[in-house]
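Student: what's the 3D shape of this:
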Amino acid sequence: MTAKRIGILTGGGDVPGLNSVIKAVVQRSEQSGIEVVGIRRGWKGLTHINPVGGSDPKYMLPLNRLNTRRVDRSGGTFLHSTRTKPSRINTSEIPRWLRRKVGSLREPEPGFVDLTPIVLDNLKKLDIDHLIAIGGDDTLSYARRLHDEGFPVVCVPKTMDNDVPNTEYCIGFSTAISRAVENISRQRTTVGSHERVGIFRVFGRDAGFTSLFTGYVTGIRCCIPEYVVDLERLLTLIKQEKRDNPSNYAMIVLSEGARWEGYEVQEYGAPDAYGHRKKMSVGEALSQEVINRLGEETVVSDLTYDLRGGPPDFTDRLAAITFASIAVECIADGGSGRMVAVQNGCYVDTEIPGRDRKTRVVDVDSMYDTDNYLPMYGHKAGAPIFLNQLG
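Tutor: Numbering: from 1, shown residues only. Predicted coordinates for the structure are as follows:
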């Protein structure tokens, strides 16, 4: 075993299953005599910690079997998380103790500084030999940067969107679908009782997996970012479905990045460190079209943050524990620049997506019925359990 002290952090948005990864990493590491340190508040823990004078409980937490014994029983991340991007830190956010060093650091753009040298120096001073980063595209992109700089990193992919390249599955996806199905099933009675059109919005900025799989399980129409729908066709289908339903209602689920001809996703607020702005509700936009063009009343539900909370389901617990075990084994083998993944339905470790990475998206030809805006159910023999191979 080359590593004697592993650091572990969670970055970006929380999802159910993160605590399960952390606990399993601690358990597998202790069996091999490896110390594990929790880096709190994501990458911010490595940019803002002052390693002089010992550990800082705000950004660093030694982990063991005792203080991780119960963490997997709840959702979120008990290490906390931020959307900090160390290679692009606003100079106004730099801690006071670090400001004297800013002049010697690279400025990627005016008003920002690249704190990567500080991160590498802090890792050295904290005696961390290897790092496990749990996150989505943004978190993993900086993990790849550290690997390129020569620091050993292994990653675990997580995101409800399930859109990280090089893997068919990310922690948080199954629980998100389960929660979406539960919410839609509960609200079906209200939508039916009032004979309305139920419109549900879920996460999915660039990829429609969450919307598609929710539609797949509930049997309702879905709109995904990968395909620009014809609004007139969509409204005709909604009207026909409502008319043909004995209970006189219809339902549809939309990815937050869904579009139709003549409509572009609207954004608001300042961009985060990775350039992402919040999106206006596409559900409300479609609701207005249904009201104005069909004269029908609607029920609009934004399910996005409802899908994040609570403990993970079985699939996410299984994936989290297995991903963690493989990550520790990868470290034991001296691996770096690796990400635990699922490919062709099997667990593997693969390359962390590089700078030229592209978001993994739904294969429209094999998974989406573009005439009826429904998931495709046929010809699934030989497909992995989550139906979409990397290709």
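Student: going forward, measure contacts between C-alpha atoms and count neighbours the same way
Tutor: OK.
Student: which residues does P157 contact?
Tutor: Counting by Cα atoms under 8 Å, 6 or more residues apart in numbering, P157 makes contact with I134, G135, G136, L140, V164, C170, I171, M339, V340, A341.
Student: and those, which two are furthest apart?
Tutor: Within the contacts of P157, L140 and I171 form the most distant pair, 13.7 Å apart (Cα to Cα).
Student: who has more neighbours, those two?
Tutor: More neighbours surround I171 than the other of L140 and I171, with 30 against 27 (other Cα atoms under 10 Å).
Student: show the model's pLDDT score for the more buried one.
Tutor: At I171, the pLDDT value in this model is 97.
Student: wait, doesn't it sit right on M160?
Tutor: Yes. With contact defined as Cα atoms under 8 Å, I171 reaches M160; the gap is 7.3 Å.
Student: now do the shared contacts for those two.
Tutor: By Cα under 8 Å, 6+ apart, the residues touching both I171 and M160 are V15.
Student: the helices in the chain, which residues?
Tutor: For the chain, applying DSSP state H gives helices covering 18-31, 44-48, 116-125, 137-148, 173-193, 209-218, 231-244, 282-289, 314-332, 364-367.
Student: in CSV, list the ones you listed along with distance to R355.
Tutor: CSV is the format used below for the helices of the chain (distance: least, Cα to Cα, whole Å):
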stretch, distance to R355
helix 18-31, 25
helix 44-48, 21
helix 116-125, 16
helix 137-148, 7
helix 173-193, 24
helix 209-218, 23
helix 231-244, 36
helix 282-289, 30
helix 314-332, 22
helix 364-367, 25
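Student: where in the stretch 51-200 of the chain is pLDDT low?
Tutor: 53-54 (pLDDT under 70).
Student: now do the strands in it.
Tutor: Applying DSSP state E, counting those that start in this stretch to the stretch 51-200 of the chain gives strands spanning 60-63, 89-90, 112-113, 130-135, 153-157, 197-202.
Student: of the ones you listed, give the one that comes closest to C346.
Tutor: strand 153-157 (14.8 Å).
Student: partner strands of the closest one, with direction?
Tutor: Strand pairing for strand 153-157, using DSSP bridges, gives strand 130-135 (parallel), strand 338-343 (parallel).
Student: hey, what's the angle from the last one to helix 137-148? Just curious.
Tutor: This means strand 338-343. Orientation check (axes from the mean of the first three to the mean of the last three Cα atoms, to 10 degrees): strand 338-343 against helix 137-148 gives 130 degrees.
Student: next, the angle helix 314-332 makes with strand 338-343.
Tutor: Calculated by the same axes, to 10 degrees, strand 338-343 forms an angle of 140 degrees with helix 314-332.
Student: list the buried residues in strand 338-343.
Tutor: Using 16 or more other Cα atoms under 10 Å as the test for burial, strand 338-343 gives R338, M339, V340, A341, V342, Q343.
Student: and it, how far out from the chain's middle?
Tutor: What separates the centre of strand 338-343 from the centre of its chain is 15 Å, taken as Cα atoms, centre = their mean, to the nearest Å.
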